[in-house]
Structures are given as structure tokens and as C-alpha cells.
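*Asks:* I'd like to go over a predicted model; first the sequence, then the structure.
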Amino acid sequence: MAMTNRQVAAVLQEIGQLLDIHEENPYKVRAYERAAELVGMLDRPVATMGEDDLQAVPGIGKALAEKILAIAATGTCPERDRLLAATPSGLPALLALQGVGPKTVGRLWKVLGVEGIDDLEAAARNRRVRALKGFGPKKEQEILRAVEEARKGAERMTVAEAGLIAAAILAVLPGEARVAGSLRRGRSTVGDIDIVTSALPGPANRALRAIAESVVEEGEKKTSLRIRGRQADIRYARPGEEGAMLLYLTGSKAFNIRLREIARTQGMRLNEYGLTDMATGRISVYRTEEEVFAALGMAPVPPELREDRGEVECALRGDLPLLVDETDIRGDLHVHSDWSDGAMSLDAIAAAGEERGYEYVLVTDHSASLGIARGLDASRLQKQQEAIRRVNRTASCTLLSGVEVDILADGRLALPSTVLDDCDLVVASVHSAFRQDADTLTRRVIAAMEHEQVDIVGHPTGRLLGRRPATAIDMARVIDAAALTGTALEINASPVRMDLDDIYIRQAKEKGVKLAIGTDAHSSAELSHIGHGVALARRGWCSAGDVLNTCRRADLPGRCQ
DNA sequence: GCCGTTTTCGGCCCGACTGTTTTCAGTCG
């Protein structure tokens, strides 16, 4: 049973949680969490690595390397089995409850016999929780509330939802404010909204109360509120001193820890207010993040890279990559028209592309097949190509003739290659039989990539955030096949897809695979989603040269000349 | 459990806020 790196990472994460519940050394817990992150990032399957290879990774030592290899081979390791035997299976889920940490879980279990979320709810309702030392009625209410939230299945939100909530908060804050947190780092989903403001806490808190569902906590330095079913954290900074606060609240947590360690090696202490010289006790404050980085002797790290994935070392050496920027993008490579399920006419697409300053937009309507309404068959695709030529006579933004052709369950394409030959570029995507096993699905997509006419694989994992999980596709194999066949992989910028994940983008880039950013727009407003895709590309360490749609039209692959 | 231009043992980021406290533990970011 060879496990994928993601599966191994999940097991390491689980061990970390179990150790946490058993009140093991917190640094040991962190070591497992870090190992999970590291394994998830490796571009080689750990099952094919030796103990020495693993130990060469900073953060993985002898003990973890042994366990990782055992997990990769058997799915588990003695340490995990021992912990599982000693822990009710419902306990790890309690750690996800807001306000409930490892200490609380341990005491609920040992003192009250709570073994899962149902037990906990019953205990809180029967007022047995308040009997614990250090607990009271309020804590009991907080627990019931957290249980209710968990039952609702509070998932991370899309960047679109997060953007709307952030905008609503920025609109009422009486002063300068900046978005921080994972939204600023460009993550594919967002847990909560983080905002730094130089507004005065008094007036700001009043304004926030007016738009909040409830106020979780409120202070002079920090306020947390519930808004539209989500949590938002607001931190107050003095005007002209926001640099360290923005850095802190942008995170990630792992990145902050690294930065603070670096400060210490230089005899300084970094917190959200500034840098303190530990010899003199003097604190220096900064207006911008760049000034903080400079004081630490580092190049400024773009928010999208701040995950402790090697960017800290690059910044210290001064060799961070120059990342692709939205202004580098010359066109959109995935747009639907009213010839299939989109809302825009071809003229409207050309006009929308022109408005965005694009050289080109690739029109990629669906091919005809089961499931998708109004897909194009060979004859309608030819008619569309004629219509595109007519639009191009007058439009300043060129429409490229493409298609999003279905990859059928057996790996064949839904349109014959003679028809695809007439397209400028072809996107091939899976839209059916999502539940095939990993090997079948991976072979199926690779078979499509081996078609000479296929230039781009659309939304490679097929996930719909909050609605449909990623398919079982083995991205490591797909990336290798993309390198071999010269096929690009799409970064689908639709907020409900955000498909690929950053680690796959980075692995693809490192193997010389090109990435094609497409919005999958079905309406003109959705063309603006390109920025989400650029953020993902940046998170994957992509420079302009790694992204297909930074090319001039004449330099695109396929049959665009 | 990891790691070493102070260390092979003793460290491991730092601060805000709440509830239940009478000086602080726990959680969170």
C-alpha cells in the first residue's frame, strides 16, 4: 500500500493532534505539524525515498524519517497505533472547536468522560462543564456555540466571499486600513478576515459593532467579530507605525516564527509593534513592511510566498524570484460564450477583453456531450470559428478560437482531431466520471495530454470548493506527463475552483511545465477573477516566463500564428 | 522531535484577550 505524500502528511497531522491531546511537549507537536507540511511539499513520493534523503530535509530528523517511511509503506506506524489505542476516536475533532484546545480536551475527557462532540454537547447542556475548575457558565455557552458552528460545517470561504466581507469592513472603518491574513497571501480559500487599521479603536469599535452579528472580543488593540457567518479580526496600529503589524497579521504563522527567530539571532525581538534591541531595550517602529525586512537584512518577501517554504532563505541571500504580476497578463485563456453555457456574446467578450487591455482572449466553449447544455458539435464549432473571424475584423482584442473539449471516461476526446486542428488552442477537461480510481483517472487525463491537439489541461483536479472534492488524480504523474508532452496545466482562477493548488503549481514550474491562467468566465464580470489566478501562480513561485498568457499572441503555442 | 558562529543539552516567537481568577491559564493568531 504505497501512500501518496498527501496521505502521509495527513497521518503526521493526526499524530500531532493525538500528541497534543496527551499533553506531550508542544514542540514535539510542532515538529509533527511541520513534518506534515514538509512532506506535503516534496515533489518525490516519500515511498521512493530513503531515510537519508528524508533526513536531508531541514525539520526532519532520524525519528521522523523512520516514521514517515513506515507510514508510506504501511499506512501507519507503531507510535500512531499506540496513540490511537489510548484515545477515543472522537477526541481529535474537538480540537477544531473554537475556544477548545488540547488542555480542555484532555480535562473534558479525563474528568467528565467526554469522548466526542455529542458527549461534549450533552455535558455542556447538563451544566457539568462548569463544575470543572477554571470553567464557568460563559465557557459552557461558548462551547455550545462552538458545537453548533461545527455542526453547520463551517468551511473555509472562497476568496470572493472573503473579498466582499473585507470590503464591507473597510467601508465602515474610520481610517486607513489594509487587508492582511490569508486573503492577502492569495490562498485559494480563506479561514477568517484579518484587517490592520490605523483608525482610533473607540470610533472603530463602535462602527464595527453596527455591522457585526456579534462581537467575539473587543479591545483597544484588537477586536474580533462575527459578520455574515464569518469571523473577522481587526488589529489597531498607530498611524505611521503599521509596518510590523501588517507583517504580523499577514502571516503565515510559520513565516512569523521564522522571522522572529532571525531577529533573535541578531539580538533583536520582533513583535507586531516593531523590533526591540535586546541589549538596550529600545524599540524601533516602521511605517512599512519593507522597512522591517530591511532592518532584518532581508529582501522584502511578497505576501504570496510567506509560508516558510524556502522564501526566508532566499530573502536573506537576496535571490527571491521576480514573480509574475497581473500587469504581465496579455490575455485570458478560458472564457465561455453564449454559444454554450456562457452569458456573453462573442462581441461582448472582445469588448470585455479590450476593456481589460488584453491582446487576446481564448474562447473555450464546451464540446457537446452528456451533461453540459448546449455544447458545440463539430459543425457548430466551425460556425463559431467563422463568427470569431468576423468579430476579429473590427475588434482590437483578438478572439482566439478554442474549445474546452471533454475528456471522456476512457480518455478519448469528445471531438475528432480533425476538428480540433482548426482551433488555435485546445483546453481538455474532465467533466464526468469524477469518482474513477486514481490510476484510471490519471491514465485518462494523460491519454488526453498525449493528443497532439491538446494544449492545456483545464481545472486539473476538478474540485468545486465546498461542493465537490478533488478527484483522485495523481498530480505528480500528470506533471511529469505535462513536461514530457509539452502540455500546459491550467490555473483555473474561478473562486469556486482555484485549481491547481500552490504546491502543484510550484512542482510543475520546477519541471518546466507552463501554466495557463484562465478565469473560466461565464460573464464579463468574471474576467476580473484573473487576479486570483495570478495570486496562485505567485504562490507557486512563477515568474512571467512560466505563465503561458504572458506571451504575445504570436508566441503562443498551438496553432495561433 | 529538531537543532547547533553562544549550545550535542537546553533551548524552541510573541502578545492580546477572556473567564475565572486574586495573579493566571488557556486559546488564538
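*Replies:* In hand now; what should we look at?
*Asks:* tell me who's in contact with A:Gly512.
*Replies:* A:Ala483 (Cβ atoms under 8 Å, 6 or more residues apart in numbering). All C-beta atoms are positioned from the backbone trio N, CA, C, and that covers glycine.
*Asks:* what's the helix or strand hosting A:Ala63 in contact with?
*Replies:* Element membership for A:Ala63, per DSSP states H and E: helix A:62-74. The contact list for helix A:62-74 (Cβ under 8 Å, 6+ apart) reads A:1-3, A:8, A:11-12, A:15, A:31-32, A:35, A:39, A:45-47, A:49, A:51, A:54-55, A:60, A:76-80.
*Asks:* SS state for A:Val57?
*Replies:* coil (DSSP: H, G, I helix; E, B strand; the rest coil).
*Asks:* count the residues that sit near it.
*Replies:* 18 (other Cβ atoms under 10 Å).
*Asks:* do the same with A:Arg235
*Replies:* 21.
*Asks:* that one against A:Ile193, yeah?
*Replies:* No. Using Cβ atoms under 8 Å, A:Arg235 makes no contact with A:Ile193, being 11.7 Å away.
*Asks:* follow-up on the earlier one: for the helix holding A:Ala63, buried residues please.
*Replies:* A:64-72 (16 or more other Cβ atoms under 10 Å).
*Asks:* restrict those residues to those near DNA strand B?
*Replies:* Restricting these to those near DNA strand B by Cβ under 7 Å from any atom of the strand leaves A:64-65.
*Asks:* after the top strand by length along chain A, which helix or strand is next?
*Replies:* For chain A, the longest strand by residue count, based on DSSP state E, is strand A:398-406. Toward the C-terminus, strand A:398-406 is succeeded by helix A:417-420 as the next helix or strand (DSSP H and E).
*Asks:* pull out the buried residues from that next one.
*Replies:* Buried, per 16+ other Cβ under 10 Å, within helix A:417-420: A:419-420.
*Asks:* between the helix or strand just after that helix and strand A:398-406, how many degrees?
*Replies:* Remark: after helix A:417-420, the chain's next helix or strand is strand A:425-429, criterion DSSP H and E. Angle, strand A:425-429 to strand A:398-406, by axes from the mean of the first three to the mean of the last three Cα atoms, to 10 degrees: 30 degrees.
*Asks:* show me what strand A:425-429 is packed up against.
*Replies:* strand A:331-335, strand A:398-406, strand A:456-457 (3 or more Cβ pairs under 8 Å, 6 or more residues apart in numbering; DSSP states H and E).
*Asks:* what's the most buried one of those?
*Replies:* Mean neighbours per residue, mean count of other Cβ atoms under 10 Å, is largest over the helices and strands packed on strand A:425-429 for strand A:331-335, with a mean of 30.
*Asks:* from the middle of its chain, how far away would the longest strand of chain A be?
*Replies:* Centroid separation for strand A:398-406 versus its chain: 27 Å, with Cα atoms, centre = their mean, to the nearest Å.
*Asks:* picking up where we left off before, which ones, among the contacts of helix A:62-74, also lie beside DNA strand B?
*Replies:* A:31-32, A:60, A:79.
*Asks:* from those residues, which is closest to DNA strand B?
*Replies:* Of all these, A:Ala31 has the smallest distance to DNA strand B: 3.6 Å, by Cβ to the nearest atom of the strand.
*Asks:* what helix or strand does that closest one sit in?
*Replies:* In this structure, A:Ala31 sits in helix A:26-41 according to DSSP H and E.
*Asks:* and that helix, which residues are buried?
*Replies:* A:29-41.
*Asks:* can you check stretch A:153-172 too?
*Replies:* A:154, A:156-159, A:161-163, A:165-166, A:169.
*Asks:* residues in contact with that stretch?
*Replies:* A:177, A:179, A:183, A:186-191, A:193, A:195, A:207-208, A:210-211, A:227-230, A:232, A:234, A:465-466, A:495-496, A:498, A:529, A:532.
*Asks:* hey, C-alpha coordinates of it in CSV?
*Replies:* C-alpha atoms of stretch A:153-172 as CSV (Å, rounded to 0.1, in the frame of the first residue of the first chain):
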residue,chain,number,x,y,z
GLY,A,153,-20.0,22.5,8.8
ALA,A,154,-18.2,25.9,8.8
GLU,A,155,-15.8,25.5,5.9
ARG,A,156,-13.2,27.9,4.7
MET,A,157,-14.7,30.6,2.5
THR,A,158,-13.9,31.4,-1.1
VAL,A,159,-11.8,34.4,-1.9
ALA,A,160,-14.8,36.0,-3.5
GLU,A,161,-16.8,35.8,-0.3
ALA,A,162,-13.8,36.9,1.8
GLY,A,163,-13.3,39.9,-0.5
LEU,A,164,-16.9,41.1,-0.1
ILE,A,165,-16.8,40.8,3.7
ALA,A,166,-13.4,42.6,3.8
ALA,A,167,-14.8,45.4,1.6
ALA,A,168,-17.8,45.8,3.9
ILE,A,169,-15.5,46.2,6.9
LEU,A,170,-13.1,48.6,5.2
ALA,A,171,-16.0,50.7,4.2
VAL,A,172,-17.0,51.5,7.8
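*Asks:* so does it get close to DNA strand B?
*Replies:* No. Residues of stretch A:153-172 contacting DNA strand B under Cβ under 7 Å from any atom of the strand: none, with a closest distance of 11.3 Å.
*Asks:* how about the residues of the stretch 1-150 of chain A near DNA strand B?
*Replies:* A:25, A:27-28, A:30-32, A:58-65, A:79, A:97-105, A:130, A:133-140, A:142.
*Asks:* ChimeraX command to pick out the buried ones of the residues you listed?
*Replies:* Paste this into ChimeraX to select the buried members of these, with burial taken from 16+ other Cβ under 10 Å:
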select /A:30,31,32,60,64,65,79,97,100,102,104,105,135,139,140,142
